[in-house]
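[1] Provided below are the primary sequence and the corresponding predicted coordinates.
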Amino acid sequence: MSTAAPLFIFSAPYCGASRLAAMLGRHPEVCALPELSLFVGDDIGELLEIAEFSHGLMLDGLLRAIAQLAFGEQGDVQIQQARDWLEQRPQWSIAALLQQLRGWAQPRLLVIPDAQAPLRPVDLQRCAQAAPDARYLHLTRHPYTQGALFAPALKERQFVPTDYKDHSHKPPQIDPQIPWLRANLNILRAQAAKPAVPGLAITAEALEADVDATLTRICHWLGLKVGTAELSLMRDYRAWPFLQLGPTLAPLGLEAEAYQMDDARYRRHAAGTPTLSAPMPWKPDRSGFSTEVRELAATFGYR
């Protein structure tokens, strides 16, 4: 089965990967899916086992994708069919599953956002093994804006991963700069390991400042047709079939940020002029960014 090399949109959490996927997913030559959580295991059986014991609803995106691509829509009946399809193939490798998704999507380009795999180098290694020809789009957001958006969401969670916290304080404090730094460093290392497959770096700020110019740049890089009609469709990203909540059996599938874009509190947190020298409002002691975060952010053009 010969299919076009897929595109992974990799970012730290709360940097807009799902929104960019929604935009690209409206392009007639693109099939953009929700977050799939593919690379937490080596085969479908392991993926199902991890999903059963994990916090949250990590299979929702994959179930919705299979329901849409293989069974035509995202109702509860199709979601159950998608789950049955997975459970009948526990021995399939993640590479085989990804190849099937590519086959269902063809001739369109498969696009997958992922803001979780970059937190774990082993997940990115599995991605490189499953799709050695894949292209990576590295999406960044200023760490101040990312933290201002992510910290309130983390505080509302019942379970917050320990590696999202600063353990130099007692009790440990939620600190979004930790996953921001880890994810971006891991993405850069993964890209450096694939010198024959050029990547592309885009900032969320550039996308927000000039949607058409940024989408045009991405489309040219991907070899996609881009004109007035395509840009109009991509601007209407809320019509992407995965952006809204799914059916009862698989309601989610995207970063929480994607469901908050129209929320007044979200817009308020996103407002303001970010700066690397400002104290972090989510830290009780109002301390600033670490030296490592400031240095890496500066390489992305942030000040």
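    That came through fine.

[2] need the contact list for Ala131.
    Listed by CB atoms under 8 Å, 6 or more residues apart in numbering, the contact set of Ala131 reads Ala5, Pro6, Phe8, Ala95, Leu98. Any C-beta I mention is one placed from the backbone N, CA and C, and that applies to glycine too.

[3] What pLDDT does the model give Phe53?
    Model confidence at Phe53, given as pLDDT, is 83.

[4] Let's see if you can find the most crowded of the contacts of Ala131.
    For those, counting by other CB atoms under 10 Å, the largest number of neighbours falls to Phe8: 26 neighbours.

[5] what helices or strands is the one helix or strand that residue maps to leaning on?
    Secondary structure from DSSP states H and E places Phe8 in strand 7-11. Counting contacts by 3 or more CB pairs under 8 Å, 6 or more residues apart in numbering; DSSP states H and E, strand 7-11 is packed against helix 17-25, strand 109-114, strand 135-140, helix 177-192.

[6] Let's see that with 10 Å instead.
    Where contact means 3 or more CB pairs under 10 Å, 6 or more residues apart in numbering; DSSP states H and E, strand 7-11 is packed against helix 17-25, strand 30-32, strand 109-114, helix 121-130, strand 135-140, helix 177-192, strand 200-203, helix 211-222.

[7] hmm, back to that, among the contacts of Ala131, which one lies nearest to Asp84?
    Proximity of these to Asp84 (CB to CB) peaks at Leu98, which lies at 19.5 Å.

[8] thought that closest one was touching Leu47?
    No: judged on CB atoms under 10 Å, Leu98 makes no contact with Leu47 at a distance of 11.6 Å.

[9] and the angle for the strand holding Phe8 with strand 109-114?
    Angle, strand 7-11 to strand 109-114, by axes from the mean of the first three to the mean of the last three CA atoms, to 10 degrees: 20 degrees.

[10] what angle separates strand 7-11 from helix 211-222?
    Using the same axes, to 10 degrees: strand 7-11 against helix 211-222 is 130 degrees.

[11] What pairs with strand 7-11, parallel or antiparallel?
    As defined by DSSP bridges, the strand partners of strand 7-11 come to strand 109-114 (parallel), strand 135-140 (parallel).

[12] So for the first one, mean pLDDT?
    To tie it back to what came earlier, the one meant is strand 109-114. Mean predicted confidence for strand 109-114 is 98.

[13] quick check, distance from that strand to the centre of its chain.
    On the basis of CA atoms, centre = their mean, to the nearest Å, strand 109-114 sits 9 Å off its chain's mean C-alpha point.

[14] Kindly export the strand holding Phe8 (C-alpha atoms) in PDB.
    Output of strand 7-11 as PDB, limited to C-alpha atoms (Å, rounded to 0.1, in the frame of the first residue of the first chain):
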ATOM      1  CA  LEU A   7       2.600  14.900   8.800                       C
ATOM      2  CA  PHE A   8       2.800  15.000  12.600                       C
ATOM      3  CA  ILE A   9       2.200  18.400  14.300                       C
ATOM      4  CA  PHE A  10       4.300  18.100  17.400                       C
ATOM      5  CA  SER A  11       4.100  20.700  20.200                       C
END
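
[15] Would you mind listing the buried residues in it?
    Residues of strand 7-11 classed as buried: Leu7, Phe8, Ile9, Phe10, Ser11 (neighbour count, 16 or more other CB atoms under 10 Å).

[16] Next, the contact list for Leu62, please.
    By CB atoms under 10 Å, 6 or more residues apart in numbering, the residues touching Leu62 are 33-38, 44, 47, 51, 82-83, 86, 97, 101, 250, 253.

[17] What sits closest to Pro198 if chain neighbours are left out?
    Excluding its sequence neighbours, the residue lying closest to Pro198 (CB to CB, 6 or more residues apart in numbering) is Arg135, at 7.5 Å.

[18] In contact with the one you found, which residues?
    By CB under 10 Å, 6+ apart, the residues touching Arg135 are 4-9, 109, 111, 191, 194, 197-200, 221-222.

[19] Which of the three states applies to the residue nearest to His142 when sequence neighbours are not counted?
    Nearest non-adjacent residue to His142, counting by CB to CB, 6+ apart: Pro274, 4.1 Å away. What DSSP: H, G, I helix; E, B strand; the rest coil gives for Pro274 is coil.

[20] Let me know whether Pro274 touches Pro143 as I believe.
    Yes: contact criterion CB under 10 Å: Pro274 and Pro143 qualify, at 7.8 Å.
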